[in-house]
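A.B. asks: just the structure for this:
(chains A, B, C, D, E and F)
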Protein chains: 6
Amino acid sequence: MAFIKVTPSPLRTLVVLALILSHARADPDPLQDYCIADIRNQSPYSVNGAPCINPNSACISHFTTSALSRRGNTKANQFGFNVTLTNTANLPGLNTMGLTMARIDMAGNGLVPPHSHPRASEVTICLEGVIGVGFVDTSYRLFTQILRPGESFVFPKGLIHYLYNYDLKNPALAISGLSSQNPGAQIASVAAFMSKPWIPDEVLGKAFQITGQDIAKIRKNLGG
Amino acid sequence: MAFIKVTPSPLRTLVVLALILSHARADPDPLQDYCIADIRNQSPYSVNGAPCINPNSACISHFTTSALSRRGNTKANQFGFNVTLTNTANLPGLNTMGLTMARIDMAGNGLVPPHSHPRASEVTICLEGVIGVGFVDTSYRLFTQILRPGESFVFPKGLIHYLYNYDLKNPALAISGLSSQNPGAQIASVAAFMSKPWIPDEVLGKAFQITGQDIAKIRKNLGG
Amino acid sequence: MAFIKVTPSPLRTLVVLALILSHARADPDPLQDYCIADIRNQSPYSVNGAPCINPNSACISHFTTSALSRRGNTKANQFGFNVTLTNTANLPGLNTMGLTMARIDMAGNGLVPPHSHPRASEVTICLEGVIGVGFVDTSYRLFTQILRPGESFVFPKGLIHYLYNYDLKNPALAISGLSSQNPGAQIASVAAFMSKPWIPDEVLGKAFQITGQDIAKIRKNLGG
Amino acid sequence: MAFIKVTPSPLRTLVVLALILSHARADPDPLQDYCIADIRNQSPYSVNGAPCINPNSACISHFTTSALSRRGNTKANQFGFNVTLTNTANLPGLNTMGLTMARIDMAGNGLVPPHSHPRASEVTICLEGVIGVGFVDTSYRLFTQILRPGESFVFPKGLIHYLYNYDLKNPALAISGLSSQNPGAQIASVAAFMSKPWIPDEVLGKAFQITGQDIAKIRKNLGG
Amino acid sequence: MAFIKVTPSPLRTLVVLALILSHARADPDPLQDYCIADIRNQSPYSVNGAPCINPNSACISHFTTSALSRRGNTKANQFGFNVTLTNTANLPGLNTMGLTMARIDMAGNGLVPPHSHPRASEVTICLEGVIGVGFVDTSYRLFTQILRPGESFVFPKGLIHYLYNYDLKNPALAISGLSSQNPGAQIASVAAFMSKPWIPDEVLGKAFQITGQDIAKIRKNLGG
Amino acid sequence: MAFIKVTPSPLRTLVVLALILSHARADPDPLQDYCIADIRNQSPYSVNGAPCINPNSACISHFTTSALSRRGNTKANQFGFNVTLTNTANLPGLNTMGLTMARIDMAGNGLVPPHSHPRASEVTICLEGVIGVGFVDTSYRLFTQILRPGESFVFPKGLIHYLYNYDLKNPALAISGLSSQNPGAQIASVAAFMSKPWIPDEVLGKAFQITGQDIAKIRKNLGG
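C.D. replies: Down below sits the predicted model:
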């Protein structure tokens, strides 16, 4: 979930953090006890799945992280959410384990906008607040639910889904497991209107049946 | 690619055909010579991957199809495209083979709108016309190219991509291979604005930074 | 994690619940949008991975569960723990998604005894209390850590690991993601000494270098 | 499909091109958005699947190729065919995508001799001419069909199959998708009689029930 | 390895036994403790991987077999060999385990003719006699070795290989592990010349550069 | 099976050899003809799966080994057994082949103690002696059998199992195939009581329901 962290421009942070995540590697079956990601590795090239350090150099710090312990900054973007993941950078022992965990913070009325994970299914559990969730299948059928603390929901692999905090005031918190160490994410509206460079207006105009002015307005509102 | 075929209402056809496709099964490693999909199977339940007929009943018709031989109807939707796939319904021997083929027809100025395949990578080859293609990665970086006959392009797994016929008059044709027998597809604009039921306005309004009126207009234009 | 739930005899519950879990199916790649487990299925035989209902019959209840919302009964066994999982019985939409979530409750001084998951890696996050965790690799090297709320830890696939509540009075709570919809579990001491039927004394005596009396005492203490 | 390109001696070209292909890497699940093959990589060792460049260095040229745009030279071998593949050398972005595309040119009366792909299933579509195709299953049952333009056929993974241009004068053209980025290929007759070094005569004599003279004649005719 | 057992006509036995084997199912990751093949299953359709019995009905006989204990009849074919496999018919507990074992008996001067396994790699260990082995890679390079008791050899997945007993008088015995529960096999000479129906003469004539008379002679000698 | 070889202290050998094995890499699908492990590789980091040499440098010695030809020393540990595996160190061509072979030697009354393989299923065939085998499933049900020469048995992936030579005097010999090139192994008693460092007494005391004195005695007897 390559989302928003702490810098002023939502798009810039989208890009910065997404880049960080898209550099992480993922998901071969675990083929030895552990294959601890070599995050200091200065190799000129990478592999599909992170290179690992010598197993003899494994130490306890490689298997533990407090990355998910801090509430994320939900003010860094106009959607009012923050997603933090364990990944091979903050938890090197995660490499080759075939899953990751995420904490999802939402401000009052915050939204994790409709997005998809190209490489993972997700199971989310609501810990705080009242969260509206939904996904759309390839038949364009929408499945929605309201989650209260302790309730879980499944987002099938690769399908567009969202989480929404219906409480206007209080924040919401969810923990998710994802079936890849590097699930990746694309927010549909950001991918469509805020890519660098931009998708040509004739393509977006036809796809969304809107005018160039509409497109310009959306881009402006999204911080482009 | 659960797209448009031949009926008047684009959305209805989207839904109808997507349903057909989403019933197809896919992609276990081929575990016997062939596992011919039992398309007459009336079993009350299905499996992850189609059940197969007795191998002794295999015959040549299970391994061949003319489904891709006919030019698709590009007038059935306002985007001006048609995608036809080999699948376990029209080519039962495809079951468990781990790939499928698609023919993509575009009318003059036709568009295959930005969409993603939740379960497949794609390699497309342009056979006729001049086709603009592009995909957005999880860093929201756009990669675009103009394809002329014989030129090929890669769309990585699960990422939003599009194909556009820059020629206002003449049709375009492309053949694609996809790395799943049931890749599935979601057109971003249709999934966001035309799902059944609709995604709540507050979610779309916030995600696209638009008003309820904008949403209503988009839905109307998309045929909702 | 085929562990202990609510009935008086720890072993009986071990067996009963483990049976329930070992009937669940798991982990083919998701090959359609969803393959909702048919839990009413009375078929005389099963498949590797649960059979699914007709996708047209999918409804929202298949994708949501409150199974993890209730604190587990940690008094049902002498170890003082309870593990509850999402599985294809309480969350049919989980089928083929390639992961599951678990809530781990520990009483004061409670222990999740050394165990292994034959089919999954695990990432656990401590939500309440102070939890000592450890795993042993195939070189018989032990990695241990103390987790406080928000801290996460990786247990590599198939390796023996444990969780221990160092607080004598207060309960502890952790949430885990596992990389299989049916990870399975074997508690080393229970598998060795409480199997039905029993592993021959000469085998256990030699393996643990103990006498038949020692074995009998361990079995008696474990509730056999 | 490690076949014939443009040099005079069919065998030499078989070997040369096969070597090129057998150096290509293949088929881990795509584990990041893309893992562009580093074809300039001078590393003394390789990995199972090509090493990739830094994702930041990705550019559009990595995802596009005109390798399949040119008609292949079908005169370079006595069989009268030419196969050209997209691979990690001519299309670096193909790495980890799990499929490849091939163009198959056949001269009048040309033959793609009986061969197998050790790592892929294949779906072929006839674009020009009239092509006779067939495969043999492990029960030694032959399935054959005549393909006309637009008709498709499935060749199951690892099974011996062939394509034959029944038109004595006009060339034929087919496009195939294969379920591996490096399917590999072995022509049965070439593998049996033209390996380097040769398979001992007593082995071939017994396997084909022929004499040493027969073997020598076949080798001579195959250009050995 | 769908080879020869005990009936007079080598081809008939090839076909009969190959059919038996090609009905066996194979190789999903083991997704529960065990998925015992239901060999009494009369279901009108099958699945990719055998359906299993209710785990409660598992009994010790499902996990054990003496199928490999008997020396095979090496006189049933003119090649002088016999291969016996564990499979889901003689060892139902093998289903979903991802491997199988084979015993290879060769008469004096016996040959396991050049063949390939479409779905498995193989590691063989010589137990009796002196066995010449070899495989051809996709570059048509031959690797050969002489194995004496206790020596092992690797045959890579899908590549043509053979085993030959150099001792004119004494039998030879080898045990192999294969990386699929249903590896399948095609003897190159039998697939080319003895398929049912026959591959057209013009195809074989061109592929092997031989005449129709040569083809007829080979077929006659192979028992066609 | 990271077990005992030839040095006096059983534990030291356990650790030493296990380290050797845990350095081996394993099990991506074979993605080229062969990916010969570079065992001379001095790279500061490794990958999930061994790096390979240039395929041009492949030679016959990479595909053959006599590692399993010698009877193992069953006196190096108090259990009276020895397991020798083919691995990427003694058989570099095994890399990426997805399986390995093992020879299991047991002295009279020797035991391969209850252990599990985190990454493999196993099929074993008894070659000499009378071997009692058993495994425990995740329902804590024990399946046992007596194997005589030629009889085979399946040990499902990741489950605790043992082999025991019931003959007090004569040695026993078995050959196993395992579904990973690096299955790994953990002996339950050694992992529980002989890890380095030790698992805390309160954990073991509670798990096995024994006292600190019992633990000390077991450790002493196991050679700690």
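A.B. asks: for chain A, which segments are assigned as helices?
C.D. replies: A:10-23, A:188-193, A:201-208, A:212-221 (DSSP state H).
A.B. asks: can you give me the angle the last one makes with helix B:212-221?
C.D. replies: Okay, so that is helix A:212-221. Put simply, helix A:212-221 runs at 140 degrees to helix B:212-221, going by axes from the mean of the first three to the mean of the last three C-alpha atoms, to 10 degrees.
A.B. asks: and helix A:212-221, what's buried?
C.D. replies: Within helix A:212-221, the residues that count as buried by 16 or more other C-beta atoms under 10 Å in any protein chain shown are A:214-215, A:217-219. In short, each C-beta sits where N, CA and C put it, glycine included.
A.B. asks: go through those residues and say which is closest to chain E.
C.D. replies: residue A:218 (44.4 Å; C-beta to the nearest C-beta).
A.B. asks: and the closest one, how far is that from chain B?
C.D. replies: 6 Å (C-beta to the nearest C-beta, to the nearest Å).
A.B. asks: hmm, back to that, max pairwise distance over the buried residues of helix A:212-221: which two?
C.D. replies: A:214 and A:219 (9.7 Å; C-beta to C-beta).
A.B. asks: what residues does chain A have near chain E?
C.D. replies: By the rule C-beta under 8 Å from any C-beta of the partner chain, no part of chain A lies against chain E.
A.B. asks: ok so, going back, of the buried residues of helix A:212-221, which is the nearest to chain F?
C.D. replies: Among the buried residues of helix A:212-221, and counting by C-beta to the nearest C-beta, the member closest to chain F is residue A:219, at 41.2 Å.
A.B. asks: the closest one and residue A:199: what is the separation?
C.D. replies: 11 Å (C-beta to C-beta, to the nearest Å).
A.B. asks: joint contacts of the two?
C.D. replies: residue A:193 (C-beta atoms under 8 Å, 6 or more residues apart in numbering or on different chains).
A.B. asks: who touches residue A:90 in this structure?
C.D. replies: So residue A:90 contacts A:65, A:67 (C-beta under 8 Å, 6+ apart).
A.B. asks: kindly report the same for residue A:142.
C.D. replies: A:134-136, B:195-199.
A.B. asks: ok, these vs residue F:140, which is closest?
C.D. replies: residue A:135 (38.0 Å).
A.B. asks: now that closest one, nearest residue through space, not along the chain?
C.D. replies: Leaving aside its chain neighbours, residue A:135 sits nearest to residue A:161 (3.7 Å; criterion: C-beta to C-beta, 6 or more residues apart in numbering or on different chains).
A.B. asks: can you get me a residue count around that neighbour?
C.D. replies: Using other C-beta atoms under 10 Å in any protein chain shown, residue A:161 has 22 neighbouring residues.
A.B. asks: for residue A:169, same thing?
C.D. replies: Counted with other C-beta under 10 Å, residue A:169 comes out at 8.
A.B. asks: the closest residue to it other than its chain neighbours and residue C:32: what is the separation?
C.D. replies: Closest residue to residue A:169 apart from its sequence neighbours, by C-beta to C-beta, 6+ apart: residue A:108 at 4.4 Å. Distance of residue A:108 to residue C:32, given as C-beta to C-beta: 37 Å.
A.B. asks: give me the more crowded residue out of the two.
C.D. replies: Higher neighbour count among residue A:108 and residue C:32: residue C:32, with 27 against 15, using other C-beta under 10 Å.
A.B. asks: pLDDT below threshold where in chain A?
C.D. replies: A:1-30, A:41-49 (pLDDT under 70).
A.B. asks: got a list of what residue A:58 touches?
C.D. replies: Residue A:58 neighbours (C-beta under 8 Å, 6+ apart): A:34, A:36, A:93, C:143.
A.B. asks: 6 Å instead?
C.D. replies: Contacts for residue A:58 were tallied using C-beta atoms under 6 Å, 6 or more residues apart in numbering or on different chains; they are residue A:36.
A.B. asks: one more: the one 5 residues further on?
C.D. replies: Under the criterion of C-beta under 6 Å, 6+ apart, the contact partners of residue A:63 comprise A:93, C:143, C:153-154.
A.B. asks: who in chain A is up against chain C?
C.D. replies: Residues of chain A lying close to chain C by C-beta under 6 Å from any C-beta of the partner chain are A:30, A:33-34, A:60, A:63-66, A:68-69, A:86, A:93-94, A:97-99, A:101, A:121, A:123, A:125, A:137-138, A:143, A:145, A:150-154, A:156-157, A:175, A:177, A:179.
A.B. asks: against chain B, how distant is the most far-flung residue of chain A relative to its centre?
C.D. replies: Of all residues in chain A, residue A:56 sits farthest from the chain's C-alpha centroid, using C-alpha atoms, centre = their mean; the distance is 32.6 Å. Distance, residue A:56 to chain B, by C-beta to the nearest C-beta: 34 Å.
A.B. asks: which residues of chain A fall in strands?
C.D. replies: Assigned by DSSP state E, the strands in chain A fall at A:64-65, A:81-85, A:100-106, A:111-116, A:122-128, A:131-136, A:142-147, A:152-155, A:161-165, A:172-178, A:186-187.
A.B. asks: tell me the helices and strands packed up against the last one.
C.D. replies: To tie it back to what came earlier, the one meant is strand A:186-187. Counting contacts by 3 or more C-beta pairs under 6 Å, 6 or more residues apart in numbering or on different chains; DSSP states H and E, strand A:186-187 packs against strand A:111-116.
A.B. asks: check which helices and strands the strand it packs on sits against.
C.D. replies: strand A:161-165, strand A:186-187, helix B:201-208.
A.B. asks: and the first one, what's buried?
C.D. replies: Going by neighbour count (16+ other C-beta under 10 Å), the buried part of strand A:161-165 is A:161-165.
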